[in-house]
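>>> Kindly return the folded structure for what I paste below:
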Amino acid sequence: MKTTDIRIAGLGTYIPEIVDARKAVALGLYDADEYEFYGWTGAAVAGDMPAPDMAIAAAQQAMDRSGLHPHDIDFHIHACGHEQGPEGWSPQHYILRHLTDRDVPSFRVWQACSGLVGSLELAACYLKAVPERNAALLTGADNVGTPNFNRWAFGIQNGVLGDGGSAVLLSKSEGFASLLSINTNSTAEVEEQYRGTEPLFPPSLTVGRGMDFKERLAAAGGLEETVAEVVRRQGELRTEIALRTLAEAGLEPGDVTRVCHVFTGQESYLKVILDPMGLSPEQGLLDFGRNLGHMTVNDQIVGLTHLVETGQVGPGDHVLIVAHGGGVSITCAVVRIDERPSWAAAAA
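Coordinates of the predicted model:
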């Protein structure tokens, strides 16, 4: 979908304390062989800070940087990959309540780790549908440090998860960057591999079952074979979406300055994503992301914020955003930097 007159007015992040991966190995939380193989150097760990509070902190920063007033918000989406609080509770409205007293729609989106980037497309459509709508706030946050979950042994996505929050403020009237195009699609058949043989009822959380994706994927006919098939299917669609999104923006791969992607500790993993698109790992965020862990829904927006804050992208640069989640959901977007915001460093 080619988007017009949709701008990024503000970006914000909340990144908690970084725990060195070597410390996790010493504590017996992280397998020493996996530490050597996968390349992660750390993970952001929020302790007992609730995920919605990290989203609020990130959103407040985005609002402050945007110059918009909280009353300008017409729409809010909160994306997450993990539980946010009490069952049956509405974390998106908790977040909205702390940001504005205006009565606006607020939705929670679950698209696994592509949820926040995918929400950009929903928000753009919402704003364009009615001329009077001007601004949309998108937040994302997760704290995976629950008692029965080991962030250092996730089992997929190279195995380490980080906590944090991020936020984007879209506007039809002002901003430092433009959302040029965005597309989302699904590999729905892959849900079977991520479900494994677990029953759908009662839901696993209600009976105290832990989440073991290795076990689920292995149940589909062998772990390595299943992962390889998921990677192949997801990779084909991800490449097609990325190239189509670039074309809709009037660009080719050679016009891309940087790429915001799922964080990884391995260059080889990043090459699997970028090589088919005609892009290189040097355009990505390998060294930055490997110290944070895979931050579920937040990787791409945390990465984009970092690129702008540090002056690694500036006016005229194009950033390709590539997100995939749960094996089944994929979103790609193209952002053009139009001007250097006041909160960004000079060109690197």
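
>>> can you pull out the helices in the chain?
21-26, 32-38, 51-66, 91-97, 115-129, 191-195, 213-218, 223-248, 267-274, 286-289, 299-309 (DSSP state H).

>>> do you know which of these lies nearest S342?
Proximity to S342, assessed across these by Cβ to Cβ, is greatest for helix 51-66 (7.9 Å). Where C-beta positions appear, they are placed from N, C-alpha and C, glycine not excepted.

>>> what does the closest one contact?
With Cβ atoms under 8 Å, 6 or more residues apart in numbering as the test, helix 51-66 has contacts from 9-14, 16, 46, 70, 78, 80, 82, 84-85, 91, 94-95, 98-99, 137, 139-143, 163-169, 171, 174-175, 341-343.

>>> from those residues, which would you call buried?
Buried members of the contacts of helix 51-66, counted by 16 or more other Cβ atoms under 10 Å: 9-14, 16, 46, 70, 78, 80, 82, 84, 91, 94-95, 99, 137, 139-143, 163-169, 171, 174-175, 341, 343.

>>> follow-up on the earlier one: for the helices of the chain, which one ends up most surrounded?
helix 299-309 (a mean of 26; mean count of other Cβ atoms under 10 Å).

>>> angle of that one against helix 51-66?
Angle of helix 299-309 versus helix 51-66, following axes from the mean of the first three to the mean of the last three Cα atoms, to 10 degrees, is 30 degrees.

>>> Quick one: mean pLDDT for helix 299-309?
The average pLDDT for helix 299-309 rounds to 98.

>>> Compute the inter-axis angle for it and helix 115-129.
Put simply, helix 299-309 runs at 80 degrees to helix 115-129, going by the same axes, to 10 degrees.

>>> Please tell me how far helix 299-309 is from the chain's geometric centre.
Relative to its parent chain, helix 299-309 has a centroid offset of 10 Å by Cα atoms, centre = their mean, to the nearest Å.

>>> again with stretch 161-169
7 Å.

>>> Let me know the average pLDDT across it.
For stretch 161-169, the mean per-residue pLDDT is 98.

>>> can you check stretch 329-336 too?
97.

>>> mean pLDDT lowest for which of the helices of the chain?
Confidence, taken as mean pLDDT, is least for helix 213-218 of the helices of the chain (a mean of 72).

>>> and that one, C-alpha only, in PDB?
These are the backbone C-alpha positions of helix 213-218, laid out as PDB (Å, rounded to 0.1, in the frame of the first residue of the first chain):
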ATOM      1  CA  PHE A 213       8.500 -23.600  21.100                       C
ATOM      2  CA  LYS A 214      11.300 -26.100  20.500                       C
ATOM      3  CA  GLU A 215       8.900 -28.900  21.700                       C
ATOM      4  CA  ARG A 216       6.100 -27.600  19.600                       C
ATOM      5  CA  LEU A 217       8.100 -27.300  16.400                       C
ATOM      6  CA  ALA A 218       9.700 -30.700  17.000                       C
END
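
>>> Which neighbouring elements make contact with that helix?
If contacts are counted by 3 or more Cβ pairs under 8 Å, 6 or more residues apart in numbering; DSSP states H and E, helix 213-218 sits against helix 191-195, helix 223-248.

>>> Just put these in a markdown table and tack on distance to G39.
A markdown table is the format used below for those (distance: least, Cβ to Cβ, whole Å):
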| stretch | distance to G39 |
| --- | --- |
| helix 191-195 | 24 |
| helix 223-248 | 18 |
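
>>> so which of those comes closest to D31?
Closest to D31 of the helices and strands packed on helix 213-218 is helix 223-248 (Cβ to Cβ; 15.8 Å).
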